[in-house]
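Visitor: generate a structure from the sequence data that follows.
(3 chains)
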Amino acid sequence: MPAATFSYAQIYRCVSRIPPGRVATYGQVAKLAGIPNGARSVGYALSALDDGSLVPWHRVVNAAGEISPRSSSDAMENTQRIRLEREGVVFDAHGRIPLAMFRWNGE
DNA sequence: CCACTGACGAGTG
DNA sequence: GCACTCGCCAGTG
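Guide: You can find the predicted model right below:
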């Protein structure tokens, strides 16, 4: 586990704030976490998570509304999609989410 | 300190 | 819509 001397907790907290059936982009979470241009850092922070995490990391997608491809194990991508669909999030034929409807406003 | 890598974003052609 | 480039921040060797 990395030193994480920085606001990982902020990122996790913001992600946890995302209501069910809603999604947020990396940039959005980053901004809310206090890192305006730290989209990459958000992704890294989420990558440090695992199944045992209480953080709904599956509600975080990229700016295109797609599930970001991770290093390996494409099976996890499927898991993320299943979890989202189970919460009511719909994927179009392109495999992405209509952010116009499901994007979290950050209330 | 430097170089490389990584769940990204925005801009350009 | 796709491919490429640059910029962002953090972690690791």
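Visitor: how many other residues sit next to A:V61?
Guide: Per other CB atoms under 10 Å, the neighbour tally for A:V61 reads 24. Backbone N, C-alpha and C define where each C-beta goes, glycine included.
Visitor: so the closest residue in space to it that isn't next to it in sequence bridges to which residues?
Guide: Closest residue to A:V61 apart from its sequence neighbours, by CB to CB, 6 or more residues apart in numbering: A:V23 at 5.3 Å. For A:V23, the beta-bridge assignment (DSSP bridges) gives partners A:R103.
Visitor: my read: A:V23 touches A:A63, true?
Guide: No - using CB atoms under 8 Å, A:V23 is not in contact with A:A63; the gap is 11.3 Å.
Visitor: who's more crowded, these two?
Guide: Between A:V23 and A:A63, counted using other CB under 10 Å, A:V23 has the larger neighbour count: 24 against 12.
Visitor: check which helices and strands the longest helix along chain A sits against.
Guide: Longest among the helix segments of chain A by residue count, using DSSP state H, is helix A:75-86. Judged by 3 or more CB pairs under 8 Å, 6 or more residues apart in numbering; DSSP states H and E, helix A:75-86 is in contact with no other helix or strand.
Visitor: distance of the closest residue to A:R59 other than its chain neighbours relative to DNA strand C?
Guide: Excluding its sequence neighbours, the residue lying closest to A:R59 (CB to CB, 6+ apart) is A:I18, at 4.5 Å. When CB to the nearest atom of the strand, to the nearest Å is applied, the distance between A:I18 and DNA strand C equals 21 Å.
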